[in-house]
Each structure stands twice: as structure tokens, then as C-alpha cells.
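S.K.: compute the structure for the input listed below.
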Amino acid sequence: MEPGEIPTGHVGAATHPPKPALVPLAKRACIKEIDQILLSVLNAGRKEVHAAIGGILDGWPGLTRDELWDRLRYLRNRCSQVRKGQTEWSEEHLAILRAYYAQGRAGAREGVKKLRMLRPDLSSRSIWRQAAELGISTGSGRAKPWSPEEQGALLWDAGEKPVEKIARKLGRSVKAVQQMLSSRGVSSKVRVPKSYTLRRVAKLLGVSDRIVRLWFQKGFFGGPVNQARNGARSSRGPQISAAALIAFCQKHPDKINTVECDPDLLLLMEDEDVQPNSWQGTRQHLTKQRECPDCQRVIRGNAYFHHVQRCRVATPQRTG
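M.R.: Numbering: from 1, shown residues only. Predicted structure coming up:
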């Protein structure tokens, strides 16, 4: 074959020197020194970890970043498992855990708070894990079916009472009540008005419009809520707020006609400690007693004014 001629036929493949076998990082002689450096930045920030890995790569050039990050994750998992294994539970703490978890989800939350106060070394996740190992749960695992009576009571109170009050009455959670109302297409928003006209107040109390206006003029209901700053009133007349009406009933329970009052008033006063007295009607003045300043006689009702004018033991200055 002449010089410069390209050989034909068999062409020999290019040969490369074999790569040295990779040795796992855990089996290298420098693993103890590397682990010490990684353990020093186990809970450090990302900048410190990068700086430590860079120092290791400078000291041992044959390593890669991926190997060092895998080793760091391994050390973190091992330390975490060691801490979990070192957590010991006493019988007292286990009894607290069982007692609170038996009260449902709200009790479980309170139990976690109490245990963390007693054992600051415990985390919420470790407490949940221990409860799962004990086989205790915050619920029965199956939703309690709704009876026709419960559904009827729910629909009767919907829109008239807050969801929290309905849930306490039925012995169910707020979420369960909201889900049932949503499935029935019923809104859970309370429709209690914020203010009432004087005529509506009279119907609620079961009394006449005239006497309600008299009470309003005497200031028993406070000022109207729809009165402008300049003193002008709305075209609908003065409005009494619901809070003012509740305060009036609490201060004057004898002015509620329980026989003819509107049921909405009883619903409004359901959570208030009000015990209405028997309604006297036109004889309402008889509920008050006054003492004569001259003869110290106790007189009931409006007869007091008639007696004061004709009291026989009145002083000369008063008779003159």
C-alpha cells in the first residue's frame, strides 16, 4: 500500500482506555470527614450548604455535587428516624391523647395543644402519628344519616337562626348543617331585620300603636337609627334597632303582652334572659307603687296623684 492511500476492507475500531470503576461515596476512605462537614450544615440555609459542598469538591476533586446532595438527604432522613425512635410516650400522656380524641375533632385539636404544652419536644405530626398507631380516630368513619324529623327541624330554623345554633340544637357539626342546607337549595343566611318601624314594634310586643309611640317619646327605645345628622327623619318614620328593642324588653319585661305578641319576638329574645310578667293592659299603672311624702302611705297606680292632692295630714304650705 502506497503512502497516502486510504486502506480498504477491514478498518480497526478506535480503542479508548477503560474508565476506572466508580466507587460509591459511602465506601470511600474520606466518608467520615465528608459526613462531619455535611452534618455541620444539616439544618443550615441553602447558602451554607452550597459553601460546604463547594469546600468538599475542592478538597476531594473526584466527587460530584449529585453524590454530595444524595448523601446530605440520607443523613437528614437518618437523623429524623433516630429522633422518632427516641420519642417515648408515658401512660399518662397516652391517656390524655385517648380522652381528647374521644371528643371528636375539636377535642383532638385541644389534645394536641395540651400535649405540646406538657411535652415541648413533640410536634403536631408526631402526635397525629401516635394517634394513628393507637388506632383512635376523631370520627366514626361514616356519616350519621339525617332523619325526617331532623330535616324538618333544620328547614324550620333555616334563615331564622344562625348555623351554629342549629348545629348545637341538632347535635351535629356546622359543616354537616351547611352541606345539608346546600343540598336542599336553602340559604343559611339569617333573615332577621336590623331595625323595625314603630308599627312593627307594636305588633311584636302585642300592644297598641299609641302606647308604643308614647314609649318612644319618653325615650324608652333610645334614638331612631334612621335619623340623619340634621335631625330630619326618614319618610317611613322612625326606625327602632333590634338591639334597642332587646334592651327595652330586658329593662321592661312587664310591657310585653305575651298573649298577643308576635312569635318573631320570642325568636329574637330566645338567647336573652328575659322573663316577661303578666300583661295588665289598661291596668298597667297598678304595677307601680309610690309612697306619700306626708303620711308615708304606699299607694298603687295612678290613685297616688289623687291621694297626694287630698291628703289629710298634708303640711300647711302644701294645702295653701
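
S.K.: which residues touch Leu265?
M.R.: 204-205, 249, 256 (Cβ atoms under 8 Å, 6 or more residues apart in numbering). Placement of C-beta: from N, CA and C, glycine included.

S.K.: Gln296 and Lys255, how far apart?
M.R.: 29 Å (Cβ to Cβ, to the nearest Å).

S.K.: who has more neighbours, those two?
M.R.: Under the criterion of other Cβ atoms under 10 Å, the comparison of Gln296 against Lys255 puts Lys255 first, with 21 against 8.

S.K.: these two touch, right, the more buried one and Lys218?
M.R.: No: using Cβ atoms under 8 Å, Lys255 makes no contact with Lys218, being 11.4 Å away.

S.K.: hmm, back to that, from the contacts of Leu265, pick the one nearest Val112.
M.R.: Nearest to Val112 among the contacts of Leu265 is Cys249, at 43.0 Å by Cβ to Cβ.

S.K.: remind me which helix or strand that closest one belongs to.
M.R.: For Cys249, the host element (DSSP states H and E) is helix 242-251.

S.K.: swap in Tyr196?
M.R.: strand 195-197.

S.K.: now do the buried residues in the next helix or strand after that strand.
M.R.: Of the helices and strands lying after strand 195-197 in sequence (DSSP H and E), the nearest is helix 198-205. By neighbour count with 16 or more other Cβ atoms under 10 Å, helix 198-205 contains the buried residues 198, 200-205.

S.K.: looking at helix 198-205 now, give me its mean pLDDT.
M.R.: For helix 198-205, the mean pLDDT works out to 87.

S.K.: how far off centre is it?
M.R.: Chain-centre distance of helix 198-205: 35 Å, with Cα atoms, centre = their mean, to the nearest Å.

S.K.: just the strands in the stretch 101-250 of the chain please.
M.R.: Per DSSP state E, counting those that start in this stretch, the stretch 101-250 of the chain carries strands over the ranges 195-197, 239-241.

S.K.: residue ranges with poor pLDDT in the stretch 151-300 of the chain?
M.R.: 191-192, 226-236, 270-287 (pLDDT under 70).

S.K.: how about the helices in it?
M.R.: Ranges of helices within the stretch 151-300 of the chain are 163-170, 174-183, 198-205, 209-217, 242-251, 263-268, based on DSSP state H, counting those that start in this stretch.

S.K.: for the last one, buried residues please.
M.R.: Residues of helix 263-268 classed as buried: 265, 268 (neighbour count, 16+ other Cβ under 10 Å).

S.K.: centre of the chain to that helix, how far?
M.R.: The answer for helix 263-268 is 26 Å, by Cα atoms, centre = their mean.

S.K.: likewise for the second one?
M.R.: The gap between where helix 174-183 is centred and where its chain is centred comes out at 16 Å by Cα atoms, centre = their mean.

S.K.: what packs against the helix holding Cys249?
M.R.: Contacts defined by 3 or more Cβ pairs under 8 Å, 6 or more residues apart in numbering; DSSP states H and E place helix 242-251 against strand 195-197, helix 263-268.

S.K.: and it, what's buried?
M.R.: Result for helix 242-251 [16+ other Cβ under 10 Å]: buried residues 244-246, 248-249.

S.K.: can I get that helix as CSV, trimmed to CA atoms?
M.R.: Taking C-alpha atoms only, helix 242-251 is exported to CSV below (Å, rounded to 0.1, in the frame of the first residue of the first chain):
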residue,chain,number,x,y,z
ALA,A,242,-83.1,45.3,67.1
ALA,A,243,-80.5,45.9,69.8
ALA,A,244,-82.7,48.7,71.2
LEU,A,245,-85.8,46.5,71.2
ILE,A,246,-83.9,43.7,73.0
ALA,A,247,-82.6,46.2,75.6
PHE,A,248,-86.2,47.5,76.1
CYS,A,249,-87.6,44.0,76.7
GLN,A,250,-84.8,43.3,79.2
LYS,A,251,-85.5,46.5,81.1
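
S.K.: and Leu266, what does it touch?
M.R.: So Leu266 contacts nothing (Cβ under 8 Å, 6+ apart).

S.K.: can you get me a residue count around Ile240?
M.R.: Residues near Ile240, counting by other Cβ under 10 Å: 24.

S.K.: and Leu122, by the same measure?
M.R.: 17.

S.K.: over to Leu75?
M.R.: So Leu75, with other Cβ under 10 Å, has 15 neighbours.

S.K.: coming back round to it: and of the helices of the stretch 151-300 of the chain, who's closest to Arg78?
M.R.: helix 174-183 (40.8 Å).
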